[in-house]
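Sequence and predicted model, in that order:
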Amino acid sequence: MNSRQSVTLYRCDKDGSSIPQYVCPLKIYCSTRTGRQYLLSYSYAARKLLFNRLDHIESIEVKRTEERYEEFLRLAQEAAPHIWGAGMLRTDRLEEISFTVEAAADEQFIVQRLEREKRCGTVRQLDAEHYRFSAAVYDARELLPWIRTFIGRITAFSCSNEEIERIFYDDLEQTAAYYLQEV
């Protein structure tokens, strides 16, 4: 990446075969869900940015200095405000996700935590005790582990991706059922 060179990387597929990809490496990201590291690169074949798991890359052949490196880097920088972890670009559309938390006047540490831990998006005060986090991201699923840490304070949740919304509410129902069953 520092040399601004294109490479052919060989990654191991699920069936064990080695798949070559001609790419321009740009940045390394860490998944918020799994902790795994991913290489963000421009794929010449797909003509877009792609992530590859670092532990799936078997070998790399350096090809040449990339004259269009700045162009590819600009694409990555434009995408960055919409990347929460390392899940992105499965589709080219952004997913809108938001949730509201309740925090009393003497619980400003909750608001400070929202501001400190958000990787992208905004936090807006709705009234004296409610704050809304909103973001437009490529993969809203990446936010779910972080959002769940606010479970006892969440008063509203929505996502443009209906599957993510269903997962969130199903998780709540399963948790409630677990705690409501007789011991």
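That came through fine. Residues are numbered from 1 along each chain as shown.

ok, now which ones touch residue 104?
When contacts are counted by C-beta atoms under 8 Å, 6 or more residues apart in numbering, residue 104 touches residue 129. Every C-beta, even on glycine, is put in place using the N, C-alpha and C of the backbone.

isn't there a helix covering it?
No. Under the criterion used here (DSSP: H, G, I helix; E, B strand; the rest coil), residue 104 is coil, not part of a helix.

ok, now how distant is it from residue 63?
In this structure, residue 104 and residue 63 are 58 Å apart, going by C-beta to C-beta, to the nearest Å.

okay, now residue 124: neighbour count?
Using other C-beta atoms under 10 Å, residue 124 is surrounded by 12 other residues.

which element is it on?
Following DSSP states H and E, one finds residue 124 within strand 122-127.

Summarise which helices and strands that strand is packed against.
Secondary-structure packing of strand 122-127 (3 or more C-beta pairs under 8 Å, 6 or more residues apart in numbering; DSSP states H and E): helix 108-117, strand 130-137.

in this structure, which helix or strand is least confident?
Between all helices and strands in the chain, the lowest mean by mean pLDDT, DSSP states H and E belongs to strand 48-53, at a mean of 89.

ok, residues contacting that one?
Applying C-beta under 8 Å, 6+ apart, the set of residues contacting strand 48-53 is 9, 11, 21, 23, 26, 29, 36-43, 75-76, 79, 86-89, 92.
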